[in-house]
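A.B. asks: Starting from these lines, generate the structure:
(one chain, ligands or ions: 1)
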Amino acid sequence: MILRHSSLRGVRLAHHTRQLAFDSLHRRPTHLLHTRLCSSHPPATSTAEPAPKPPADHRKLGVQQELFTTSVYSPGSPILLPNGARIFNRLVDFLRKQYVRYGFEEVITPTIYKKSLWAKSGHLENYAEDMFTVTSTSPSRADPADPTSATAEDEEYGLKPMNCPGHCLIFASQRRSYRDLPIRYADFSPLHRNEISGALSGMTRVRRFHQDDGHIFCRPMQIEEEIKKTLEFVRVVYSTFRLGSYRLALSTRPADHFIGSEEDWASAEGALKRALDASGQEWTINEGDGAFYGPKIDIVLRDSDGKEHQTATIQLDFQLPKRFELEYTAPAPEFERRGEVTTDAEALAEYGPVRPVLIHRAVLGSVERLMALLIEHYDGKYPFWLNPRQVVILTVNDSEPVLDLANATKNTLLGRGGSPDIPLSNPTLFSVDIDSSVRSLQLKLREAKSKGYGVIVTVGPRQVPKGTITADLGRLGGDDKIEVPTESGNRRKPQHEEMTPSVLLDILKEKAAAYR
Ligand SMILES: [Zn+2]
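C.D. replies: Next up is the predicted model:
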């Protein structure tokens, strides 16, 4: 397979406004809303005052903290280093755990699909310029039994920019009843969009990224409940990150060029408004700003510099279920389509096909872009659970008993004990480093602090007989109250604590489990 640096060829944009509307389906990860407030950064006119600290830049921090790099061999595709991969995986793992509550089932879907799929989904017509084409260098390997492989054109694949068509294929692969709905699929697949090379930068202007993508297939009468749950999900996630307040913006039916009846739109917008009211959050309305295929809700965060960032999106879609001819069977289909309930026995005796409503939703949005936001927001002072450098063990000297204690401590903190003949069942997945260099402890301490370790542990010869360590937990919590058990059974705030590695492990586990 080769990747051609071009969009799917032979396709013209049908209509510029449609392109714009289609773009917002899964908004590009690159479009941060730069509405920097002029007043927040006045020019430095007085030399008497110290220059304000420049806003954190995730690209600089990415280098300093060894989070990610880039390569000329794959422009716009960030290469996550071990520290960056830790943050990424923790975010994904955090989302996965929340899926248990919100009823999402994860699916794993292809990266490339034939051009004919992109024709069906409408991407060829509306999104081709943003897509990469993939072709086989060996046409002779085409499957002769495949009727779609008859022409060279059908040998062409598109690299997916979105997961929705794949999830529609899954929905369509079985007969569905109203009892099966809602069906909620989640997907962390990498996505590729062909951004202009001049615009590529860091983790925010990229060609390859991942979304915490989800698609909800539901009955018309379930829209409001699903939106409510999604807004609750968003609230829980963003309060965990402590990114500050955000606003919700509802975009409604465009004045012209929309699909579906005005009645459908009015009822869907009504459901979204009721869900927004019920959320108790501040929300605004962007009249006529919806995509042609359905209304949507955007979540807009404002950072400490006054910059606004669109992250989560909830988008209703009347279009894709139609294009993919999705349906489920329900009693009283006429009522069901309008989202109405009936007790009329005659109507209920009739079973028929009804089109499901599709809700696209992403809570983090682009995982990479959210990472960039978090990296800048925390500015090196990560909460423990997300910190790529959680624990460092500094040795006072390099004698063998001290090194042994350091290694044993590391094993305990990693949950690496037990027989090597059976698989590990409870690794903590903490990141634990040892600095056993022969430099002075002062120097090692200073370096550990500047690297941003959450917990600094020291081990020396005095502690070897007792098997204890000294843990500095002062940097663990920021504004959090960390408490350690005392001999009398009370709890108190720690400083430099003498404890066993397993007591430290318990403290850290508690912290990580609370996402603090
Ligand atoms: Zn989607």
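
A.B. asks: before we move on, what SS does the closest residue to Ala512 other than its chain neighbours have?
C.D. replies: Once flanking residues are discounted, Ala512 sits nearest to Trp385: 4.5 Å by C-beta to C-beta, 6 or more residues apart in numbering. C-beta here means a position set from N, CA and C on the backbone, and glycine is covered the same way. The three-state assignment at Trp385 reads helix, by DSSP: H, G, I helix; E, B strand; the rest coil.

A.B. asks: Do you know the pLDDT at Trp385?
C.D. replies: At Trp385, the model reports a pLDDT of 96.

A.B. asks: So, low pLDDT: which residues of the stretch 401-516 of the chain?
C.D. replies: For the stretch 401-516 of the chain, the stretches flagged by pLDDT under 70 are 477-495.

A.B. asks: Could you break this protein into its assigned domains?
C.D. replies: According to automatic domain parsing, the chain is divided into the following domains: 2-36+54-378, 384-418+426-513.

A.B. asks: Run the contact check for the first one versus the ion.
C.D. replies: Yes: Domain 2-36+54-378 comes into contact with the ion (C-beta under 5 Å from the ion), by way of Cys164, His360.

A.B. asks: burial of Val100, as a residue count?
C.D. replies: Per other C-beta atoms under 10 Å, the neighbour tally for Val100 reads 8.

A.B. asks: burial count for Glu125?
C.D. replies: For Glu125, the count of nearby residues is 17 (other C-beta under 10 Å).

A.B. asks: secondary structure class for it?
C.D. replies: Secondary structure, three-state DSSP: Glu125 is helix.

A.B. asks: Quick check, Pro356 in contact with Glu327.
C.D. replies: Yes: Pro356 is within contact range of Glu327, at 7.2 Å (criterion: C-beta atoms under 8 Å).

A.B. asks: who has more neighbours, the two?
C.D. replies: Counted by other C-beta under 10 Å, Pro356 and Glu327 do not tie: Pro356 has more neighbours, with 24 against 17.

A.B. asks: Mind pulling up the pLDDT for Arg18?
C.D. replies: Among the per-residue scores, Arg18 holds a pLDDT of 43.

A.B. asks: what about the residue nearest to Ala512, distance to the ion?
C.D. replies: 29 Å (C-beta to the ion, to the nearest Å).

A.B. asks: anything in contact with each of Pro356 and Glu327?
C.D. replies: Common contacts of Pro356 and Glu327, defined by C-beta atoms under 8 Å, 6 or more residues apart in numbering, comprise Arg176.

A.B. asks: Residues contacting the helix or strand hosting Arg235, please?
C.D. replies: Element membership for Arg235 (DSSP states H and E) is helix 223-241. By C-beta under 8 Å, 6+ apart, the residues outside helix 223-241 that reach it are 94-95, 98, 102, 182, 216, 218, 246, 248, 268, 271-272, 274-276, 278-279, 281, 297, 299, 301, 312, 314, 316, 339, 357, 359, 361, 363-364, 374, 377, 515.

A.B. asks: Out of the residues you listed, list just those in strands.
C.D. replies: Secondary structure from DSSP state E places 216, 218, 246, 248, 297, 299, 301, 312, 314, 316, 357, 359, 361, 363-364 of the contacts of helix 223-241 in strands.
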